[in-house]
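*Asks:* how would this look folded up:
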Amino acid sequence: MSYASGSLTGIVAAGGNGSGTLMTQLYNPSDVYFDSSSKSLFIANSGAHTIVQWVVGASFWTLVAGYAGNYGSTSFMLNNPTGLTLDSTGNLYVADTGNARVQFFLSGEANGTTIAGVTSTPGNRANLLNSPRSVALDQQLNLYVSDASNNRIQMFQRY
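*Replies:* Residues are numbered from 1 along each chain as shown. As a prediction, the model looks like this:
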């Protein structure tokens, strides 16, 4: 596979309508995950405090998690989400940076559960996170979190 070296043009796949919280806009997108089964981009729309799903070729997004333009620390709100991943059944894992936690959302659900870190409690103990930025899963669904301000990668075993 290759991409055109030195290309001066790209094709807008999502957003491109200025910064904002409208369904046609993105606001400081920080991560993207392509889901081949739905032909969608899942986007950590960091500045809008949301995770959105943008079907490739569509002109707008659908809200997956968070409340557009408002941040918070309840189970259905996010604060500066910067990373995300999905598992094989469509469950969503979000690095909720401003809340020092990783939120887990069952597929199709807007109410999340904190599975790593302690909400709004940054720290360097083994059960705490400080500015989690990205998340990844291995084959056994163990969770890896880039714990940026602690200069470490934390692994949380699935059990």
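*Asks:* List the residues that contact residue 20.
*Replies:* Contacts for residue 20 (Cβ atoms under 8 Å, 6 or more residues apart in numbering) come out as 27, 48. Any C-beta I mention is one placed from the backbone N, CA and C, and that applies to glycine too.
*Asks:* ok, now with 6 Å
*Replies:* Applying Cβ atoms under 6 Å, 6 or more residues apart in numbering to residue 20 gives the contacts residue 27.
*Asks:* Then residue 63?
*Replies:* When contacts are counted by Cβ under 6 Å, 6+ apart, residue 63 is found next to residue 52.
*Asks:* Buried residues, stretch 61-75. List them.
*Replies:* Of all the residues in stretch 61-75, those buried under the rule 16 or more other Cβ atoms under 10 Å are 61, 64-68, 71.
*Asks:* Among those residues, which ones are in strands?
*Replies:* In this view, the buried residues of stretch 61-75 that belong to strands under DSSP state E are 64-66.
*Asks:* The buried residues of stretch 61-75 into CSV, with extra columns for distance to residue 149 and pLDDT?
*Replies:* Supplementary listing: the buried residues of stretch 61-75 in CSV, determined by distance: Cβ to Cβ, whole Å; pLDDT from 0 to 100:
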residue, distance to residue 149, pLDDT
61, 29, 98
64, 26, 98
65, 23, 98
66, 22, 98
67, 25, 96
68, 27, 95
71, 18, 98
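*Asks:* Next, format those residues as a markdown table and append distance to residue 135.
*Replies:* Shown next, in a markdown table, are these (distance: Cβ to Cβ, whole Å):
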| residue | distance to residue 135 |
| --- | --- |
| 61 | 20 |
| 64 | 15 |
| 65 | 13 |
| 66 | 16 |
| 67 | 21 |
| 68 | 22 |
| 71 | 19 |
